[in-house]
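1. Using only what follows, build the 3D model:
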Amino acid sequence: MKILNLGCGSKISGCDEVVNIDWSPLLRIRKNPVVSRLAPLFLDRKRLERFLALKGNILVYDLSRGIPFPDNSVDVVYHSHLLEHLDRALAPRFMTEVLRVLRPGGIHRIAVPDWERLCGAYLSNLEACDMEPEKIEGHERYIEDMLEQSVRREASGTAIQSPGRRFLENLFLGDARTRGETHQWMYDRLTLATLLSRVGFDSPRQEMCNTSCIPSWSSFHLDVANNGRELNPGSLYMEAIKPRCLAEV
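-> Below is the predicted model:
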């Protein structure tokens, strides 16, 4: 079985069946020998440790150029907290590319932030504030959970850098949107299932972090840690199948 882990970031599987693919700034820095030597100048200690700990089993590739695999060549395509970073208009094209590389009967598994859950938490807390005004002080956190990663311009961690390192980091890597950190759209179980169906997938089905039609899914530790803990709490998980009648798309 061959599994593609698209936009893996630091969520890497060491299993032989999994091909981890990403285009993150740290990986691009590592790939460039000149910029790689300059990394200690503009990365703080925490991110420098992450940079030095990057493993070699990651294919560094820009997925905006497509998925670098032949038609009908992989059994599973998985991506977690990637789709919401794509412009809404680009999502169908990305899904069609996933459909192309999957074998007929192959599975597309997606994890995204659950917009329904975020909205539910906000509305529940709004109602609680009406009944207990002392809770109003913490209410803004619920709005932040919904919107902060869509509207911010400062990339993660750069605000705490020294002025010199902050300047160099933004010069080399750009702001949050340039780095692909911001959310461009959000999904719930209805809109995600509709998107999958529209591009040609069959049987969209909501799953949990530890349930899947993929054999031995939990053993790959992409949605659950070794101790069974959910890696991205609050996620919406969904799977869909490439129709067996599609030899090519």
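2. For the longest strand along the chain, list the C-alpha coordinates in CSV.
-> Secondary structure of the chain per DSSP state E: the longest strand is strand 102-113. What follows is strand 102-113, C-alpha atoms only, in CSV (Å, rounded to 0.1, in the frame of the first residue of the first chain):
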residue,chain,number,x,y,z
LEU,A,102,-5.5,7.6,-6.7
ARG,A,103,-6.1,4.1,-8.0
PRO,A,104,-9.7,3.2,-8.6
GLY,A,105,-11.1,2.3,-5.2
GLY,A,106,-8.4,4.4,-3.5
ILE,A,107,-9.3,6.4,-0.5
HIS,A,108,-9.0,10.2,0.1
ARG,A,109,-8.8,11.1,3.8
ILE,A,110,-9.1,14.7,4.9
ALA,A,111,-8.7,16.4,8.3
VAL,A,112,-9.7,20.1,8.6
PRO,A,113,-10.8,22.4,11.4
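3. Next secondary structure element downstream of it?
-> Remark: after strand 102-113, the chain's next helix or strand is helix 115-131, criterion DSSP states H and E.
4. Residue 237 - how many residues pack around it?
-> Neighbours of residue 237 under the rule other C-beta atoms under 10 Å: 23. Heads up, the C-betas are built off the backbone N, CA and C, glycines and all.
5. just residue 21 next, same as before
-> Applying other C-beta under 10 Å, we find 21 residues neighbouring residue 21.
6. How about residue 126?
-> For residue 126, the neighbour count with other C-beta under 10 Å is 14.
7. Same question for residue 153.
-> 10.
8. what about it, is that helix, strand or coil?
-> Secondary structure, DSSP: H, G, I helix; E, B strand; the rest coil: residue 153 is coil.
9. List the contacts of it.
-> Neighbour list for residue 153: 175, 176, 177 [criterion: C-beta atoms under 8 Å, 6 or more residues apart in numbering].
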